[in-house]
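Participant: coordinates only, sequence not included:
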C-alpha cells in the first residue's frame, strides 16, 4: 500500500493483534489496545471495519497477511498460547516472490475458505492440507496450503508462506495487513488496514493504547 | 496402516471391479461395474459376506462435466467433474473377510493419509469411493507414479471460478483411450451422493441406484 494513501493513522506502544470476527468485523485488538464496537453507534472504538463474514469469505485473495524480515532480531518462540495452532514451515515448503537472492524476508498469506471447499482437503505430512488456485495478476497460480479448521462455522483457513523481498531499510520489522474492502458497489476504490513496525511515519498520530 | 484398495478387473478396458477393504479388520466390499459399447452402465453390487448380489442396470448420460479446455484450465471456465460412480461405506465393520487380490493385476491402494475429507474430520463417519471416467485429452495432465497415473481435477469451485481447490485422482487406462480415475474421501454423509449411487453397510444392506445431479 502506498504510504501517501494512508488516511487514518494510529500509534500503539502495546502489542496489537489483527482479529477477525465471524460476522466480518475486523480490527486491531489486544489487552491494552482500544478495540470493540460502540454499543449505540456500532462504530469501531479503535481501528476496525466490516468486511465479508467468515461464512462467505473473500474469494479473490488472502484475507490477511504478514511480511516479516530480520527474524534473528525477534524473540525466540517458547510457548503456544491457548487456542492457537502451530504451523511449521521448512525451506522446501516456501514459495518465492522473487529470485532467492533478493528475498530477505518472509510473507505469510492467510486465506479463508467456505465449507464447500473442504472437498479438497487431505491429511498431508504436516497436517491438513489443501491445494488451491487463485487469480494472481491474471495468472492462475496454485498453492499448497496448510489448513486450520474453523470448526464452529465450517469454514477453514489456508496458510502458505513465501520467501519475499522486504524493501524497508531497517534490520528487522513486520507489516501485518487485514482484508481489503471496497468502499461501495459503484466505487472500485478499496481500503484496508495494516500495522507496521518500525514506525515509518514521521508525523504525530493518536494512540490506540488504552488510557489506564 | 489402514488403506482402501480399488482393484480393477483384468479387462480394464471394459469392466472395473472395486474392492474397498480395510486391512486392520480385514473386511471388504466388492462393487463391480461395466460400461457397454452403448454407454449404458450396469452396476453389480455384491456384499460378499452374504453372497447376495443384485443387478441394477442404470442408463445414464456419459457426458462428463469436466473442464471445458483441459489445455488451458481457466478456472472461470471450469465446472466440477461428476463421478461415474460413487460407493458409500457407512461402516467398514460389516463386510466380509479379505479376498485374494492376486487375480486383480491393477490395484489402486489408498493409504489413509491419501483419503480426502468432505467436512471436518470430527463430522465424518464413513468413506466414499468415487470413480471418474476421464476423456483422452486428460492424459496431458497425467503423471506415472509407481504403478498408477495421477491427475488433479477440481474438487470445489468458488463463485465466478475463484478459488478452485483440487484433489488428486489415481488413474489407469480405460475404455475409449481415456482413463478411469478413483479418489477416496472421508464423508459425514456417506449415504448421499449425486451420482449413480451404491450404498452398502449399516444395519442392512442397501443397494440403490439413482441419478441425481443435485
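Facilitator: Nice, I can see it. Predicted, not measured: the structure shown is a model, and the values here were computed from it. Numbering: from 1, shown residues only, chains lettered A, B, ... in the order given.
Participant: which bits of chain B sit near chain A?
Facilitator: B:73-75, B:112-120, B:122, B:152, B:155-156, B:158-160, B:162-167, B:185 (C-beta under 8 Å from any C-beta of the partner chain). In this view, the C-beta of every residue, glycine as well, is placed from N, C-alpha and C.
Participant: Could I get the contacting residues of the nearest residue to residue A:110 once chain neighbours are set aside?
Facilitator: Excluding its sequence neighbours, the residue lying closest to residue A:110 (C-beta to C-beta, 6 or more residues apart in numbering or on different chains) is residue A:64, at 4.4 Å. Counting by C-beta atoms under 8 Å, 6 or more residues apart in numbering or on different chains, residue A:64 touches A:18, A:20, A:109-110, A:176-179.
Participant: And residue A:136, by the same measure?
Facilitator: residue A:61.
Participant: Now the phi/psi pair for the residue in chain A positioned nearest to chain B, please.
Facilitator: Relative to chain B, the nearest point of chain A is residue A:120 (3.0 Å; C-beta to the nearest C-beta). Backbone torsions of residue A:120, given as degrees, to the nearest 10, read phi -100, psi 0.
Participant: Could you double-check that it lies in contact with residue A:133?
Facilitator: No - using C-beta atoms under 8 Å, residue A:120 is not in contact with residue A:133; the gap is 10.2 Å.
Participant: Between those two, which contacts overlap?
Facilitator: With C-beta under 8 Å, 6+ apart as the test, residue A:120 and residue A:133 both reach B:165-166.
Participant: Of the two, which one has the most company?
Facilitator: It is residue A:120, of residue A:120 and residue A:133, that has more neighbours when counted by other C-beta atoms under 10 Å in any protein chain shown, with 28 against 22.
Participant: per-domain residue ranges of chain A.
Facilitator: A:1-51+A:179-212, A:57-77+A:86-176 (automatic domain parsing).
Participant: Report the rounded mean pLDDT for the longest one.
Facilitator: Just to be clear, that refers to domain A:57-77+A:86-176. Averaged across domain A:57-77+A:86-176, pLDDT comes to 92.
Participant: starting at the chain centroid, how far to that domain?
Facilitator: Chain-centre distance of domain A:57-77+A:86-176: 9 Å, with C-alpha atoms, centre = their mean, to the nearest Å.
Participant: Okay, now it: how far is its last residue from its first?
Facilitator: With C-alpha to C-alpha, to the nearest Å as the measure, domain A:57-77+A:86-176 spans 19 Å from end to end.
Participant: Residue B:141 against residue B:149, yeah?
Facilitator: No - contact criterion C-beta under 8 Å: residue B:141 and residue B:149 do not qualify, at 9.3 Å.
Participant: re earlier: can you redo the contacts of residue A:64 as a markdown table with distance to residue A:199?
Facilitator: Shown next, in a markdown table, are the contacts of residue A:64 (distance: C-beta to C-beta, whole Å):
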| residue | distance to residue A:199 |
| --- | --- |
| A:18 | 17 |
| A:20 | 24 |
| A:109 | 24 |
| A:110 | 24 |
| A:176 | 14 |
| A:177 | 16 |
| A:178 | 18 |
| A:179 | 23 |
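Participant: okay, among the residues you listed, which ones form the most distant pair?
Facilitator: Greatest spacing in the contacts of residue A:64, by C-beta to C-beta: A:20 and A:109 (14.3 Å).
Participant: low-confidence ranges in chain B?
Facilitator: B:1-79, B:82, B:84-107, B:174-177, B:191-214 (pLDDT under 70).
Participant: Do me a favour and get the backbone dihedrals for the residue in it that chain A sits nearest to.
Facilitator: Closest to chain A within chain B is residue B:165: 3.0 Å, counting by C-beta to the nearest C-beta. Residue B:165 adopts backbone torsions of phi -110, psi 150, taken as degrees, to the nearest 10.
Participant: same thing with residue B:185?
Facilitator: phi -140, psi 150.
Participant: what's across from residue A:144 in the sheet?
Facilitator: When assigned by DSSP bridges, residue A:144 has beta-bridge partners residue A:131.
Participant: Quick one: residues contacting it.
Facilitator: Going by C-beta under 8 Å, 6+ apart, the list of residues near residue A:144 reads A:93, A:124, A:129-131, A:160.
Participant: Contacts made by stretch A:80-89 with the rest, please.
Facilitator: A:126-127, A:146, A:148, A:159, A:161.
Participant: so what pLDDT did the residue lying closest to residue A:58 once chain neighbours are set aside get?
Facilitator: Computed as C-beta to C-beta, 6+ apart, the closest residue to residue A:58 that is not its neighbour in sequence is residue A:52, at 5.1 Å. According to the prediction, residue A:52 has pLDDT 89.
Participant: quick one: residue A:52 and residue A:60 touch, right?
Facilitator: No - the pair residue A:52 and residue A:60 fails to qualify as a contact (C-beta under 8 Å) at a distance of 10.2 Å.
Participant: is it true that residue A:30 touches residue A:13?
Facilitator: No - Residue A:30 is beyond contact range of residue A:13, at 11.1 Å (criterion: C-beta under 8 Å).
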